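>>> I need the structure of the sequence given here:
(2 chains)
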Amino acid sequence: MTVRRALTILMVLGLWEAVRRFDLVRPLLLASPTEIASALVKSWLDYVIALRLTAIEIAIALACAWTLGIAAGTIAGLRPFLSATAGPLLSSLFAIPLISWYPLFMVWFGIGITSKIAYAIVSGFLPIAINTMNGIRTVDDQYLLLGKAIGCSRRQIIFRILLPMAMPSIVSGLRIGTALVVIGVIVAEMLSSLGGIGYLISYYRSIYATEHVYLGILLALGCAFAANWGLGFVERRFTHWRVLQIEER
Amino acid sequence: MTAGRPLVIETRGLRKVYGIGRAPLVALQDISFAVEEGSFVSLVGPSGCGKSTLLQMLAGLVPSTAGEVLVDGVAVHQPAPEKISVMFQDATLLPWKRVAENVEFPLEVRGMKVAERRKRAAAMLSLVGLADFAQRYPHELSGGMRQRVSIARALAPDPRIMLMDEPFGALDEQTRIKMGHELLRIWEKTGKTIFFITHSLTEALFLADTVLVMSHRPGQIVGTIKVDLPRPRTYEIIGSAEFGAMRNRIWKLISQDDREVIGEGMAGL
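From the prediction side, this is the model:
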């Protein structure tokens, strides 16, 4: 399996390189793998600095979006009135492209790291909160009664019964939210910023350095992979029973 | 059954009204009955007659609008897990916990030491015949086995009363009959007081010392049937003339009530 996968990747890379070598596509549109690699070798320090900044921004934004999303979703899920009113309101608020809010974020937080993080948190927050809320609300009432009947405190009912029951739903919210946080950071960097992978993509695009644009995109992809890997860790830790359940069927 | 045993549950003029203002719904009206220590009481009635609400009021999970519930002569206002265990139609096991951990859960919640609760859970699991499944996950068990785990969990805190809300309602008939036998065996062994809700007349009669018959709209007790069938009971008893006569009496009580409701509805047209 791994061998076949490696072969596929090699073939794609080879084809990609060939397309450029035989000049089938103009260099402005496509850079070959070797061109991208040499771009990295030439300005590796820029990329290390940019990657570090982007990684820090993503890490902070993820931590905040996860925590706030799960907390808000739990609170809303426990209060039928709140979830009935806040849910549709938030959803309709986000029906317009979130990016149109970005100018306001710049006014509020400046063009530094804060506005990028704030924007990424807001993009990732909603799916996490809504999935958590729905996960909590769809737990069968019998579990609530059970918790009360065996003498659980409110805190125990939330942390020992409701949240674990809602975990599959929460994790699918985290998956969407995590992707949106990574996108949010890169997009914010591209729009207005003086650092980060998104900034480099945007800068090199303006000077037509296509191989650098591709390199930036690859690194952004790497960030998304890293965030997903962290998520997979959480998923295995908290929903292993769910996986067992599905395998059983 | 035997006169003179102390009353462990007593309700006096229980009433439950949902909604306030112009269209209040009277769910339960003037529910008064008593349950003797160590007896097995079934409650039958049509679906939606408020059986579950009544059980939740006995458990202290739902407040009554009027009247009171006494357990051991003390008014119940909130759950009393050390005295009363509750079982539901679904086994409500926590899917991420192993069978033994599920049985331990009510003990864990109240802070019992690990060694002690392990021992207690193991004992309860062997009582329900699932000692070999202690380390399995709930999804690896059949529906009947899951309900047996639920019984073990309900027994673990050593309560005096078990309130069971249609616990076998979701099982197929054969499993259901087996579970009935199993429950009687456990009841005879532990001497708990059991209050058992069902909509199956046969199940109610087969299990209980006393069957309370409930009607709906508003839910009220329309009859109390003493079941003087010998114990231990076997499946054959269901075919006896005595059993049939009692089942007919219950059916009459329930269907009479239906006729009244239809009659009222027609008068309204």
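>>> So which bits of the stretch 101-250 of chain B are right by chain A?
Listed as neighbours of chain A in the stretch 101-250 of chain B under the rule Cβ under 8 Å from any Cβ of the partner chain: B:105-106, B:109-110, B:137, B:139-140, B:157. The way it works is simple: take the backbone N, C-alpha and C, and place the C-beta from them, glycine included.
>>> Just the buried residues of stretch B:11-18, please?
For stretch B:11-18, a neighbour-count test (16 or more other Cβ atoms under 10 Å in any protein chain shown) marks B:11, B:14-16 as buried.
>>> now stretch B:185-196
Neighbour-count burial for stretch B:185-196 [16+ other Cβ under 10 Å]: B:186-187, B:190, B:192-196.
>>> Just name the closest of those to chain A, please.
Nearest to chain A among the buried residues of stretch B:185-196 is B:Phe195, at 13.3 Å by Cβ to the nearest Cβ.
>>> Give the rounded mean pLDDT of the helix or strand hosting that closest one.
Assigned by DSSP states H and E, B:Phe195 belongs to strand B:193-198. Averaged across strand B:193-198, the pLDDT comes to 96.
>>> Can you list the helices and strands that that strand packs against?
Judged by 3 or more Cβ pairs under 8 Å, 6 or more residues apart in numbering or on different chains; DSSP states H and E, strand B:193-198 is in contact with strand B:7-18, strand B:25-36, strand B:40-44, helix B:51-58, strand B:161-165, helix B:201-207.
>>> OK, contacts around B:Thr210?
B:1, B:35, B:39-42, B:224-227 (Cβ atoms under 8 Å, 6 or more residues apart in numbering or on different chains).
>>> now those: which count as buried?
Buried members of the contacts of B:Thr210, counted by 16+ other Cβ under 10 Å: B:35, B:39-42, B:225, B:227.
>>> now chain A, which segments are flagged as low pLDDT?
Scanning chain A with the threshold set as pLDDT under 70 gives A:241-249.
>>> Could you pull out the helices in it for me?
Assigned by DSSP state H, the helices in chain A fall at A:2-21, A:33-42, A:44-78, A:80-93, A:102-109, A:113-137, A:141-149, A:154-156, A:163-191, A:197-206, A:210-238, A:240-248.
>>> gap between the shortest one and the chain center?
The gap between the average C-alpha position of helix A:154-156 and the chain average comes to 31 Å, counting by Cα atoms, centre = their mean, to the nearest Å.
>>> Next, see if it gets close to chain B.
Yes. Where contact is defined by Cβ under 8 Å from any Cβ, part of helix A:154-156 touches chain B, namely A:Gln156.
>>> try the fourth one
No. Counting by Cβ under 8 Å from any Cβ, no contacts exist between helix A:80-93 and chain B, the nearest distance being 15.8 Å.
>>> who touches that helix?
Here helix A:80-93 has contacts from A:75-77, A:126, A:129-130, A:133, A:137, using Cβ under 8 Å, 6+ apart.
>>> ok, which pair from those is furthest apart?
Greatest spacing in the contacts of helix A:80-93, by Cβ to Cβ: A:Leu126 and A:Arg137 (16.3 Å).
>>> the more surrounded of the two?
A:Leu126 (22 against 19; other Cβ atoms under 10 Å in any protein chain shown).
>>> so the more buried one makes contact with A:Ala95?
No. With contacts counted by Cβ atoms under 8 Å, A:Leu126 stays clear of A:Ala95, the gap being 11.0 Å.
>>> tell me the angle of the strand holding B:Phe195 relative to strand B:25-36?
140 degrees (axes from the mean of the first three to the mean of the last three Cα atoms, to 10 degrees).
>>> Parallel or antiparallel, list what pairs with strand B:193-198.
Strand B:193-198 has the following sheet partners, assigned by DSSP bridges: strand B:40-44 (parallel), strand B:161-165 (parallel).
>>> Compile those into JSON lines and extend it with columns for mean pLDDT and distance to A:Gly184.
Below are the strands paired with strand B:193-198 laid out as JSON lines (pLDDT from 0 to 100; distance: least, Cβ to Cβ, whole Å):
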{"stretch": "strand B:40-44", "mean pLDDT": "96", "distance to A:Gly184": "57"}
{"stretch": "strand B:161-165", "mean pLDDT": "96", "distance to A:Gly184": "48"}
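>>> which of those strands sits most buried?
Neighbour counts (mean count of other Cβ atoms under 10 Å in any protein chain shown) averaged over each of the strands paired with strand B:193-198 peak at strand B:40-44, with a mean of 25.
>>> what residues does that strand touch?
So strand B:40-44 is contacted by B:35, B:51, B:54-55, B:184, B:187, B:193-201, B:203-205, B:207-214, B:250, B:254 (Cβ under 8 Å, 6+ apart).
>>> Also stretch A:22-35?
Against stretch A:22-35 from outside (Cβ under 8 Å, 6+ apart): A:13, A:16-17, A:19-21, A:39, A:208, A:210-211, A:213-214.
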